[in-house]
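Enquirer: Please find the sequence and the predicted model below.
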Amino acid sequence: MKFKGFFAMLAFALNCDALSLRGIKQSFEKQATETEVNPGGTAVMDCKVINKGGSCVWQKDRRLIGIYPGKYEWSGDPEQGDCSLKVLSARADLDDGLWECQVTASTFDSVDYLNSEPARLIVRAPPSSVEIYYNSSKDSTAIVTVNSETKNRIKCISEEGNPPPSLLWFLGNQQIDSAYDQSDDPLDGLSKGWRSILELDYTFRKDDNGKMLRCVANHEALSEKTLEAKAMLNVQYVPTISISQAPDDIEEANDSVFVTCVADANPPATIIWRKLGSPEIVSIQDKLEFIQINRTNSGTYTCEAKNELGASEVIQVEITVKYPPNDVKIEGVTNAPVTGVVGGSVRLECRADSVPKPHFSWFRKTDGQKEAILIGEKAGMGEYLVLNNVSYRDQGEYFCEASNKIKGNIRKARSKPAILRLSGPPEIGPRFSERTITVELGKDTTIHVEFCAEPAPHHLWRMGSTVITEGNGKFTPLALVTTRRPSCYEAKLAIQRVELEDAGTYEFHVDNSRGSAHATISLRVAEPVPLTAVVAVITGCLVFLILITLCLLYAFRSDRWCFRVKDELKSSADLLDNGKLNGHMKNGYVSASSSQSSVKSKASDLRYSDLQLPKSSNNGSMRSKADQVAHGLPSVTAIPSPKPEIIHITNGSISNLKDKVDV
């Protein structure tokens with residue numbers, strides 16, 4: 001036997017030398033992997049080496065493990081390269097851990113030392129407990145109270161299982177999925193066990209009330225293979241609410257408002273009214289009341305119902321209290337004027353407090369106007385008024401008017417005025433910049449120019465290249481006179497006894513620190529008209545008037561004579577028809593008898609007024625009765641005739657015509 005062992009060792013040595021001489025290195029054919037074993041059982045940790053030349057050893061948790069029969073034994077033949085280790089009567093406190101198979105180098109100068117990857121040997125241990133936790137505490141009553149329609153986080157915790165058990169959730173007999181992965185953490189101490197946690201995020205419904213919620217732990221070390229914890233579900237639900245809406249058209253101080261919030265909850269809920277933006281509670285009644293509502297009550301109100309389980313959704317109701325515009329003002333306007341620069345832009349902003357939001361209109365009152373006028377949309381409407389390329393003509397008072405409509409009625413309010421004042425170079429009025437005036441020779445005259453300038457200007461008059469100064473007896477530059485428009489002036493140059501040599505071009509120059517301007521006036525001197533020409537014109541006019549008058553008189557008399565003859569003939573015919581005139585015609589005369597007098601009259605002198613018989617007391621004549629008596633005319637009483645006839649007087653006889661005419 002001794003020789004046999006000797007020869008074996010010798011053969012091994014020779015084999016190693018041969019392998020070393022050939023350069024063949026040892027290597028792992030198979031390494032240990034994670035292995036589970038029940039307590040008291042046997043586990044084999046694999047380790048097989050190819051071309052093994054060194055010695056095999058094992059480590060557990062970085063500590064060398066010897067070969068102890070009945071506990072740690074070789075599973076194969078190490079001499080043949082099978083260094084697998086058999087662990088007997090497995091104990092968690094001794095054997096559970098990381099195992100490594102190591103092989104020394106083939107020779108002292110070789111570098112083929114081997115060290116396997118650590119492999120865990122797990123000595124199984126069943127979990128000692130499985131419990132359900134809700135709201136971070138263990139539910140000792142076996143009843144879990146949850147809210148419906150909201151996610152509830154519930155935990156299942158298993159202790160001391162090795163390896164960690166597999167945890168599952170069940171609602172009744174129906175498995176439900178968890179939103180989280182199972183977490184496993186090693187326990188402190190020598191137990192080698194694990195704490196396993198599986199959380200459930202689940203939304204329960206009202207019809208889940210009374211069902212059994214179960215957490216099941218599956219583990220090979222358990223006799224029944226499973227261990228579970230269970231709890232009865234007490235499903236309650238948070239309140240749900242409905243709310244009535246406020247009226248649309250609410251007027252301040254004239255309306256009262258009532259809004260109702262109704263809650264459905266188990267257990268009963270408390271109603272809470274709040275105003276959005278304020279943490280204070282407005283009311284805890286289901287009805288929100290506003291008697292003679294005012295603008296401070298405007299806002300968004302929220303209704304919320306709460307019970308032991310939670311709060312309902314928050315429902316909002318908008319209450320809008322309408323009131324007319326007030327506190328209308330132009331932003332930034334004080335007692336001082338608003339200033340600007342000629343040629344620049346001026347921007348005014350109107351502010352007003354009203355509900356609904358106001359509509360803005362802008363008005364302007366320039367100097368000299370009695371009333372403010374509405375500015376059209378081109379000049380600017382709305383909250384802002386922008387004046388571009390302003391000139392001195394734009395100076396004045398500006399107002400903004402705010403208006404809105406409440407219950408069909410227009411409400412208005414106007415701001416205080418913003419006074420606009422501008423500064424800039426001189427600006428001469430358009431009708432004064434270039435013009436011509438005519439003055440009669442020898443007369444006094446005044447040339448005047450209107451302009452605007454701010455700051456105060458300097459000015460001078462010039463004729464040609466000569467500057468007109470004060471002290472000249474003929475030309476007198478008068479002092480500037482301010483006009484009704486602010487920053488505007490009138491300059492005058494007085495000229496006494498205008499002569500022909502005064503005709504020409506006069507220039508007015510004005511300047512200030514911002515710039516300058518000038519105007520050109522052409523003066524024409526007109527000579528007076530000669531007296532002879534005046535007399536001739538007057539004489540001609542008088543002659544023309546006399547001729548016109550004579551023509552008119554002639555036309556008038558001709559027309560009047562024609563009507564007189566016709567009237568006289570008609571009157572004579574009337575007298576004959578009514579038997580009031582008895583007589584005969586002799587040598588062109590007619591004689592008439594009456595109780596008072598007789599009169600001879602030439603036929604051609606008969607008057608219509610003497611013979612016609614009107615209703616008036618003097619027979620239609622324009623003469624008075626005294627005139628009739630004075631001329632010896634008879635008094636005639638009018639007898640109406642249906643239609644007069646024309647009477648011809650020929651050679652002292654009177655004859656009627658068949659043809660009748662209306663007079």
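Expert: Received the coordinates, thanks. Residues are numbered from 1 along each chain as shown.

Enquirer: Can you read off the pLDDT for the closest residue in space to F290 that isn't next to it in sequence?
Expert: By the measure of Cβ to Cβ, 6 or more residues apart in numbering, the closest residue to F290 outside its immediate chain neighbours is V257, 4.4 Å from it. The way it works is simple: take the backbone N, C-alpha and C, and place the C-beta from them, glycine included. We have a pLDDT of 95 for V257.

Enquirer: pretty sure H459 contacts N512?
Expert: No: applying Cβ atoms under 8 Å, one finds H459 not in contact with N512, separated by 9.7 Å.

Enquirer: Note down every partner strand of the longest strand anywhere in the chain and its orientation.
Expert: Looking across the chain with DSSP state E, the single longest strand is strand 226-243. Using DSSP bridges, strand 226-243 pairs in its sheet with strand 143-148 (parallel), strand 212-218 (antiparallel), strand 257-266 (antiparallel).

Enquirer: Name the helix or strand for K322, please.
Expert: Counting by DSSP states H and E, the element that carries K322 is strand 321-330.

Enquirer: So which residue is dead centre in the protein?
Expert: Nearest residue to the geometric centre of the chain (Cα atoms, centre = their mean): K357, 9.7 Å.

Enquirer: secondary structure element for the closest residue to that one other than its chain neighbours?
Expert: Closest residue to K357 apart from its sequence neighbours, by Cβ to Cβ, 6+ apart: N404 at 7.1 Å. Take DSSP H and E as the rule and N404 turns out to sit in strand 396-406.

Enquirer: What lies in contact with the next helix or strand after that strand?
Expert: Downstream of strand 396-406, the first helix or strand assigned by DSSP H and E is strand 409-414. Strand 409-414 is contacted by residues 324-326, 328, 352, 354, 363, 399-405 when judged by Cβ atoms under 8 Å, 6 or more residues apart in numbering.

Enquirer: List the buried residues of strand 409-414.
Expert: The neighbour-count check on strand 409-414 (16 or more other Cβ atoms under 10 Å) flags R411, A413, R414 as buried.

Enquirer: what's across from the last one in the sheet?
Expert: Going back to what we said before, that points to R414. Beta-bridge partners for R414, by DSSP bridges, are E401.

Enquirer: any idea how far it lies from A336?
Expert: To A336, R414 is 20 Å away according to Cβ to Cβ, to the nearest Å.

Enquirer: Same question for W362.
Expert: 20 Å.

Enquirer: And for V439?
Expert: Per Cβ to Cβ, V439 is found 46 Å from A336.

Enquirer: Between the two, tell me which one has more neighbours.
Expert: Each of V439 and A336 has its neighbours counted (other Cβ atoms under 10 Å); V439 has more, 18 against 8.

Enquirer: got a list of what the more buried one touches?
Expert: T445, I495, V498, L523, R524, V525, A526.

Enquirer: rerun at 6 Å
Expert: Neighbouring residues of V439 by Cβ atoms under 6 Å, 6 or more residues apart in numbering: T445, V498, V525.

Enquirer: Buried ones in stretch 309-324, by neighbour count?
Expert: Using 16+ other Cβ under 10 Å as the burial criterion, the residues of stretch 309-324 that qualify are L309, A311, S312, V317, I319, T320, V321, K322, Y323, P324.

Enquirer: What's opposite the fourth one in the beta bridge?
Expert: Put plainly, it is V317. Per DSSP bridges, the residues bridged to V317 are Y301.

Enquirer: from memory it sits against Y301, does it?
Expert: Yes: look at V317 against Y301 with Cβ atoms under 6 Å: they come within range, at 5.3 Å.

Enquirer: what's the spacing between the residue lying closest to T366 once chain neighbours are set aside and N512?
Expert: With Cβ to Cβ, 6+ apart as the criterion, T366 has its nearest non-adjacent residue at 3.6 Å, and that residue is G396. In this view, G396 and N512 are 21 Å apart by Cβ to Cβ.

Enquirer: Please read off the pLDDT at P642 from the model.
Expert: Here the pLDDT value assigned to P642 is 43.

Enquirer: picking that back up, for the strand holding N404, packing partners?
Expert: Counting contacts by 3 or more Cβ pairs under 6 Å, 6 or more residues apart in numbering; DSSP states H and E, strand 396-406 packs against strand 321-330, strand 346-355, strand 359-365, strand 409-414.

Enquirer: Buried residues of the helix or strand following the last one, list them for me.
Expert: Okay, so that is strand 409-414. Going down the chain from strand 409-414, the next helix or strand is strand 418-428, by DSSP H and E. By 16+ other Cβ under 10 Å, the buried positions in strand 418-428 come out as A418, I419, L420, L422, S423, G424, P425, P426, E427, I428.

Enquirer: following the helix or strand containing Q59, which helix or strand comes up?
Expert: Q59 is part of strand 56-60, with elements assigned from DSSP H and E. Using DSSP H and E, the next helix or strand after strand 56-60 towards the C-terminus is strand 63-65.

Enquirer: Can you list the strands that that following strand pairs with?
Expert: Here strand 63-65 is paired, per DSSP bridges, with strand 56-60 (antiparallel).

Enquirer: And stretch 149-166, what's buried?
Expert: 152, 154-165.

Enquirer: Would you convert the helices and strands packed on strand 396-406 into TSV that also reports distance to I548 and mean pLDDT?
Expert: TSV is the format used below for these (distance: least, Cβ to Cβ, whole Å; pLDDT from 0 to 100):
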stretch	distance to I548	mean pLDDT
strand 321-330	69	94
strand 346-355	65	93
strand 359-365	56	90
strand 409-414	64	93
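
Enquirer: would you turn those into JSON lines with distance to Y237?
Expert: Below are these laid out as JSON lines (distance: least, Cβ to Cβ, whole Å):
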{"stretch": "strand 321-330", "distance to Y237": "36"}
{"stretch": "strand 346-355", "distance to Y237": "40"}
{"stretch": "strand 359-365", "distance to Y237": "50"}
{"stretch": "strand 409-414", "distance to Y237": "49"}
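
Enquirer: hey, where'd the strands end up in the stretch 401-550 of the chain?
Expert: 409-414, 418-428, 434-440, 445-454, 458-463, 466-468, 475-477, 481-482, 488-495, 504-512, 515-526 (DSSP state E, counting those that start in this stretch).

Enquirer: Just put those in CSV and tack on distance to A372.
Expert: Formatted as CSV, those follow (distance: least, Cβ to Cβ, whole Å):
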stretch, distance to A372
strand 409-414, 9
strand 418-428, 12
strand 434-440, 32
strand 445-454, 21
strand 458-463, 33
strand 466-468, 42
strand 475-477, 38
strand 481-482, 23
strand 488-495, 20
strand 504-512, 30
strand 515-526, 30
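
Enquirer: Indicate which one of those strands is closest to E199.
Expert: Nearest to E199 among the strands of the stretch 401-550 of the chain is strand 409-414; the distance by Cβ to Cβ comes to 62.3 Å.

Enquirer: ok, now which ones touch A179?
Expert: Neighbouring residues of A179 by Cβ under 6 Å, 6+ apart: D201.

Enquirer: so what's it scoring on pLDDT?
Expert: The model reports A179 with a pLDDT of 74.

Enquirer: if we can go back for a sec, show me what the next helix or strand after the strand holding K322 is packed up against.
Expert: Counting by DSSP H and E, the next helix or strand C-terminal to strand 321-330 is strand 338-341. Packing partners of strand 338-341 (3+ Cβ pairs under 6 Å, 6+ apart): strand 418-428.

Enquirer: Can you give me the distance of the closest residue to G97 other than its chain neighbours to S106?
Expert: Excluding its sequence neighbours, the residue lying closest to G97 (Cβ to Cβ, 6+ apart) is D61, at 4.4 Å. For D61, the distance to S106 (Cβ to Cβ) stands at 27 Å.

Enquirer: quick revisit: mind checking what secondary structure the residue nearest to the centre of the chain has?
Expert: Here K357 is coil, with the state taken from DSSP: H, G, I helix; E, B strand; the rest coil.
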